[in-house]
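K.L.:
any chance you could fold what I've pasted below:
(one chain, ligands or ions: 1)
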Amino acid sequence: MNVFGVDIGGSGIKGAPVDLERGKLAQERHKVLTPHPSTPDAVADGVAEVVSQFDWAGPVGITFPGVVTSGITRTAANVDKGWVDVDAATLLGDRLGGLPVTILNDADAAGIAEMTFGAGRGRKGTVMLLTFGTGIGSAVFIDGRLVPNTELGHLELHGHDAEKNASTRAKDDEGLSWHHWAHRVQKYLQHVEMLFSPELFIIGGGVSRKADKFVPLIKGIRAEIVPAELQNNAGIVGAAMAAAGG
Ligand code: BGC
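P.N.:
Purely as a prediction, here's the structure:
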């Protein structure tokens with residue numbers, strides 16, 4: 001079965017029909033730039049534009065870079081503040097001509113995809129996917145079951161919001177070397193490990209493609225650390241899986 005998945009990110013809104021048996025895109029994805037300011041209306045137009053490139057009439061799963069409970073977007077750390085307490089499922093469903101819409105946190109979506117088709121396949125115990133990008137996203141699984149909206153990117157580290165210190169945006173903005181940044185990621189992972197003692201950390205986000213540049217530099221963590229396998233498409237695949245009901 002195919003279901004449509006859309007990933008709303010800081011730079012782009014990407015989507016494609018997903019083949020749920022294989023966990024792969026069934027067609028090449030379409031991408032539009034994320035509007036600035038990224039207001040709910042402007043982003044909804046972008047989502048509609050992506051879906052309209054395909055002859056699609058079924059369910060649509062959509063990721064959002066913030067807390068989502070029962071279709072309502074609750075936080076907006078790296079998008080327009082107008083998203084706080086918006087009934088996004090209704091807004092996006094209306095904009096898509098009444099198609100059934102499921103909306104969930106972006107890291108949760110990526111985690112769902114990785115647990116079934118990627119680095120978390122068959123893994124029991126506590127597994128954490130952490131996405132490093134504009135922010136830090138987290139998805140926590142206990143024996144394969146998601147604890148949604150964990151928001152571990154906003155843990156306080158040295159008195160600051162952790163994602164301001166250890167995201168790839170911090171690396172870029174401050175011009176940090178891989179070594180310097182890996183050290184910050186290490187401190188962050190140590191803090192998360194102290195709190196949760198996971199068996200496995202899956203490192204996601206665009207930077208997972210360059211895992212060989214920084215994962216070997218991270219020391220002193222008991223848990224296994226592996227890069228995500230679905231990389232850029234994890235959000236789209238996970239969104240489609242969520243819309244299909246799991
Ligand atoms: C948001 C999370 C999101 C993460 C990655 C954080 O700033 O609070 O909800 O998963 O960024 O986009």
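K.L.:
for burial, what's the neighbour tally of residue 240?
P.N.:
Each residue near residue 240 was counted by other C-beta atoms under 10 Å, and the total is 33. For the C-beta atoms, the positions are set from N, CA and C on the backbone; glycine is no exception.
K.L.:
wondering if the host helix or strand of it reaches the ligand at all.
P.N.:
Here residue 240 is covered by helix 234-243, with elements defined by DSSP states H and E. No: legend: contact between helix 234-243 and the ligand by C-beta under 6 Å from any ligand atom is lacking; minimum distance shown is 9.3 Å.
K.L.:
outside of that helix, which residues touch it?
P.N.:
Helix 234-243 is touched from outside by 2-7, 9, 14-18, 20, 23-25, 29, 59-63, 100-102, 104, 106, 108-114, 116-118, 204, 228, 230, with contacts defined as C-beta atoms under 8 Å, 6 or more residues apart in numbering.
K.L.:
give me the subset of these lying in helices.
P.N.:
Where the contacts of helix 234-243 overlap with helices, as defined by DSSP state H, the overlap consists of 106, 108, 109, 110, 111, 112, 113, 114, 116, 117.
K.L.:
and the closest residue to the third one other than its chain neighbours, how far from the ligand?
P.N.:
What it means is residue 109. Distances taken as C-beta to C-beta, 6 or more residues apart in numbering place residue 238 nearest to residue 109, at 3.3 Å, with adjacent residues excluded. Distance, residue 238 to the ligand, by C-beta to the nearest ligand atom, to the nearest Å: 12 Å.
K.L.:
cool, residue 58 as well?
P.N.:
In terms of C-beta to the nearest ligand atom, residue 58 sits 26 Å off from the ligand.
K.L.:
show me what the lowest-mean-pLDDT helix or strand in the chain is packed against.
P.N.:
The weakest-scoring helix or strand in the chain, judged by mean pLDDT, DSSP states H and E, is strand 156-157 (a mean of 93). Using 3 or more C-beta pairs under 8 Å, 6 or more residues apart in numbering; DSSP states H and E as the contact criterion, the neighbours of strand 156-157 among helices and strands are helix 162-166, helix 178-196.
K.L.:
flag every buried residue along the longest one.
P.N.:
Residues of helix 178-196 classed as buried by neighbour count (16 or more other C-beta atoms under 10 Å): 181-193.
K.L.:
so how far is that helix off the chain centroid?
P.N.:
19 Å (C-alpha atoms, centre = their mean, to the nearest Å).
K.L.:
could you list the domains of the chain?
P.N.:
Using automatic domain parsing, the domain ranges for the chain come out as 2-108+234-243, 122-229.
K.L.:
among those domains, which is the most enclosed?
P.N.:
With neighbours defined by mean count of other C-beta atoms under 10 Å, none of those is more surrounded on average than domain 2-108+234-243, at a mean of 20.
K.L.:
that domain: end-to-end distance?
P.N.:
When the termini of domain 2-108+234-243 are compared using C-alpha to C-alpha, to the nearest Å, they are 11 Å apart.
K.L.:
per-residue confidence averaged over it?
P.N.:
Per-residue pLDDT values across domain 2-108+234-243 average out to 97.
K.L.:
pull up the residues of the protein that are close to the ligand.
P.N.:
Remark: the part of the chain in contact with the ligand comprises 65-67, 75, 77-78, 105-107, 131, 135, 137, 151, 153, 163, using C-beta under 6 Å from any ligand atom.
K.L.:
out of those, which is nearest to residue 91?
P.N.:
residue 66 (14.2 Å; C-beta to C-beta).
K.L.:
against residue 104, how distant is the closest one?
P.N.:
Note on residue 66: its distance to residue 104, by C-beta to C-beta, to the nearest Å, is 11 Å.
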